[in-house]
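Visitor: Pasted the sequence and its predicted model underneath.
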Amino acid sequence: MRGARLRVGGAADRASAVRGSGTGRCWGGDRPGTLVGVAAFGAVSTDYAGHDPVGGDIQPLVDLVDTTTILRAIDQLDDEHTVEVTVCTAHKAKGREWPRVRIADDFTPPPDSNEHDDKGQPLPGPVDDGEAGLAHVAVTRARNRLDIGGRAWINHHPDGSPA
């Protein structure tokens, strides 16, 4: 889809989070899992880099972050309803659907077990229930066409074979 207008899923959520008005699972903050917004990054990092004895080592990185440019780029993200391609995680896709869905290659098969088949090949380990649920969400987002791409390995896995 060369030249297609692209939206990275959750842009509205990301924009509010980056501005510091939302939270997400990223880095920083005063409790685990809190997203420190870009707007707050400058003040927090400059304060840490300038006043904490061990903070001086991050000053070159702080100087590289241009929060104004980042916020301007986020403001230019297109709305999902006006783009041709939406890229999002399976988590963000929950409850939504599209005419066509392509599953990315980040759904990896489970590691092999210690067991072997009659040809001496290792048998794949069981599919994790959480991963199976997430895969279900991902593959049921397509209304008309599904490219299972990164889930194609399931066709050769004992848990994915029809009985």
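Guide: Structure received.
Visitor: residue contacts, residue 126?
Guide: 110, 113, 159 (C-beta atoms under 8 Å, 6 or more residues apart in numbering). From N, CA and C alone the C-beta is placed, and that goes for glycine too.
Visitor: In three-state terms, label it for me.
Guide: On the three-state scheme (DSSP: H, G, I helix; E, B strand; the rest coil), residue 126 is labelled coil.
Visitor: For it, give its distance to residue 138.
Guide: As for residue 126, its distance to residue 138 is 19 Å (criterion: C-beta to C-beta, to the nearest Å).
Visitor: Same question for residue 52.
Guide: Taking C-beta to C-beta, one finds residue 52 at 42 Å from residue 138.
Visitor: Looking at those two, which is more packed in?
Guide: residue 138 (22 against 11; other C-beta atoms under 10 Å).
Visitor: Apart from its chain neighbours, what residue comes closest to that one?
Guide: Counting by C-beta to C-beta, 6 or more residues apart in numbering, residue 138 lies nearest to residue 90, which is 4.0 Å off, once chain neighbours are set aside.
Visitor: tally of neighbours for residue 64?
Guide: 7.
Visitor: What pLDDT does the model give it?
Guide: In the prediction, the pLDDT value recorded for residue 64 is 73.
Visitor: just residue 139 next, same as before
Guide: At residue 139, the model reports a pLDDT of 91.
Visitor: shift numbering so it begins at 501
Guide: Renumbered: residue one is now 501, and that last one reads residue 639.
Visitor: Next up, the contacts around it.
Guide: Applying C-beta under 8 Å, 6+ apart to residue 639 gives the contacts 601, 603, 646, 648, 651.
Visitor: if we take those residues, which one ends up nearest to residue 584?
Guide: residue 601 (13.7 Å; C-beta to C-beta).
Visitor: for residue 610, what are its contacts?
Guide: For residue 610, the contacting residues are 624, 625, 626, 627, 628, 631, 657, by C-beta under 8 Å, 6+ apart.
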